[in-house]
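# would you be able to build a 3D model of this:
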Amino acid sequence: MRDPLAKKVVTIEPSGIRKFFDLVSDRKDAISLGVGEPDFDTPWHIREEGIYSLEKGRTFYTSNAGLKELKSEIAKYMERRFSLQYDDKEEIMVTVGGSEAIDLAFRAMLDPGDEVLLPMPSYVSYLPCITLADGVPVVVELKEKNAFKLTKEDILEKITDRTKILVLPFPNNPTGSIMTKEDLKEIVDVVLEKDLFVISDEIYAELTYQGQHVSIASFPEMKERTVVINGFSKSYAMTGWRLGFACAPSNILKQMLKIHQFAIMCAPTTSQYAAVEALRNGDDDVNHMQEAYDHRRKFLVHELRRIGFEVFEPFGAFYVFPSIKAFGMTSDEFAMKLLEQEKVAVVPGTAFGACGEGFLRISYAYSIDSLKIALERIERFVKGIKNT
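You can find the predicted model right below:
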């Protein structure tokens, strides 16, 4: 019998995040700081709109690209928050989470053998999606000494005549690093000089703690060569609603929409009506959650440093990426022993690429009370290491 499986799929490793998610799900007394999911409920007025849409019988397909009202609100949002103007008929589409938009962008833009510069550590989906689109991922290591920012030198060291796309994953998961306007300027110079395209994943754009997020698409000449990915999961606490969006030049978006049309049809109708309400009346909710995350961020960084970790201070998303190099264990060993001995789940840095070795990702999308209990256990675990 012939092998029924595709080799490029078989060679892809399962998500390292899900591994620890599954492990902790079997331990009811464990505290998980591993999942990148807001602990806030979706704000009630957004849920109400979703419920109302069901009560009104709005259970039909929408257009492939999404509800007209939602695309209009996305266009207003992008201009209001990031000074970007998009045509809601030709340059915006609604997707099943930001993850689908990432996959669509790679599949629409890559021919076999095209290279993609992929800064790592970064979100686990980029590399498999590049591989599945027959592209060639070229890892660009983000360095702690550079605050895990991407630099011009990093790009020039890896670029070849086959390089087509640069992934820009900021604010970054897992490091929490951000790119300021000044940081982005030197990246823009290289992109224009080398005629690259950019996929900018800005799902954490509302969760920044050192000034407002700046999109690389807002620079002159960059909008026409950038696909901006965003969504509702993180900023509006709507993970389970599975709703994202892409803003892109019409020639790219048209091809993304074609794939979406055949593979998905449209994003969930109920979620789209809820998202209209989120964009129209949810700014206060976003600000409230952002302030709570900032409080937790400061608390977690302070306490981890007190316990003895070296911690780069993150200014985006809701993750801390502490170094464990001083403790004489690999990231996987540290995470497994912490779970087994103290029932605290964190994610080893290697889940986000080999260059994440020596680090852990700890999420602060959890209550202060949960963080305090987890930190007590982590401190006890670290003291046990030091005493052996």
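# where does the stretch 251-388 of the chain have low pLDDT?
Along the stretch 251-388 of the chain, segments meeting pLDDT under 70 span 388.
# what are the ranges of the helices in it?
269-281, 283-307, 331-342, 368-386 (DSSP state H, counting those that start in this stretch).
# quick one, strands of this structure?
31-32, 92-95, 115-120, 136-141, 163-168, 197-201, 226-231, 244-247, 319-320, 344-345, 347-348, 360-363 (DSSP state E).
# give me the nearest residue to Met265, chain neighbours excluded.
Tyr61 (6.1 Å; C-beta to C-beta, 6 or more residues apart in numbering). C-beta here means a position set from N, CA and C on the backbone, and glycine is covered the same way.
# please apply the same query to Met329.
Leaving aside its chain neighbours, Met329 sits nearest to Lys337 (7.2 Å; criterion: C-beta to C-beta, 6+ apart).
# and if you look at Phe309?
Pro322 (4.1 Å).
# mind listing what the one you found touches?
Pro322 is in contact with Leu304, Phe309, Glu310, Val311, Phe312, Phe359, Leu360, Ile362, counting by C-beta atoms under 8 Å, 6 or more residues apart in numbering.
# again, only using 6 Å
Neighbour list for Pro322: Leu304, Phe309, Val311, Leu360 [criterion: C-beta atoms under 6 Å, 6 or more residues apart in numbering].
# next one: the second one from Val346, what distance?
When C-beta to C-beta, to the nearest Å is applied, the distance between Phe309 and Val346 equals 11 Å.
# so between those two, which is more surrounded?
Each of Phe309 and Val346 has its neighbours counted (other C-beta atoms under 10 Å); Val346 has more, 25 against 20.
# okay, now the closest residue to Ile368 other than its chain neighbours: neighbour count?
Among residues not flanking Ile368 along the chain, Arg296 sits closest, at 6.2 Å (C-beta to C-beta, 6+ apart). Arg296 has 21 neighbouring residues, counting by other C-beta under 10 Å.
# between its first and last residues, how far does stretch 163-183 reach?
Length of stretch 163-183, first residue to last, C-alpha to C-alpha, to the nearest Å: 21 Å.
# check stretch 346-366 too.
By C-alpha to C-alpha, one end of stretch 346-366 lies 12 Å from the other end.
# which residue ranges make up each domain of the chain?
Following automatic domain parsing, one finds the domains of the chain at 7-42+284-386, 60-281.
# picking that back up, deepest-packed of the strands of the chain, please.
strand 347-348 (a mean of 29; mean count of other C-beta atoms under 10 Å).
# pull up the pairing partners for that strand, direction included.
strand 360-363 (antiparallel) (DSSP bridges).
# next, the buried residues of stretch 63-74.
The neighbour-count check on stretch 63-74 (16 or more other C-beta atoms under 10 Å) flags Asn64, Ala65, Gly66, Leu67, Glu69, Leu70, Lys71, Glu73, Ile74 as buried.
# now the residues you listed in a markdown table, with pLDDT and distance to Asp39?
Below are these laid out as a markdown table (pLDDT from 0 to 100; distance: C-beta to C-beta, whole Å):
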| residue | pLDDT | distance to Asp39 |
| --- | --- | --- |
| Asn64 | 97 | 34 |
| Ala65 | 98 | 32 |
| Gly66 | 98 | 28 |
| Leu67 | 98 | 29 |
| Glu69 | 98 | 30 |
| Leu70 | 98 | 26 |
| Lys71 | 98 | 30 |
| Glu73 | 98 | 26 |
| Ile74 | 98 | 26 |
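# just name the closest of these to Glu157, please.
Nearest to Glu157 among these, counting by C-beta to C-beta, is Ile74 at 36.2 Å.
# residues in contact with Arg305?
Counted by C-beta under 6 Å, 6+ apart, Arg305 has contacts Val311.
# so His213 is in contact with Leu207, correct?
No - counting by C-beta atoms under 6 Å, His213 does not reach Leu207; the two are 8.6 Å apart.
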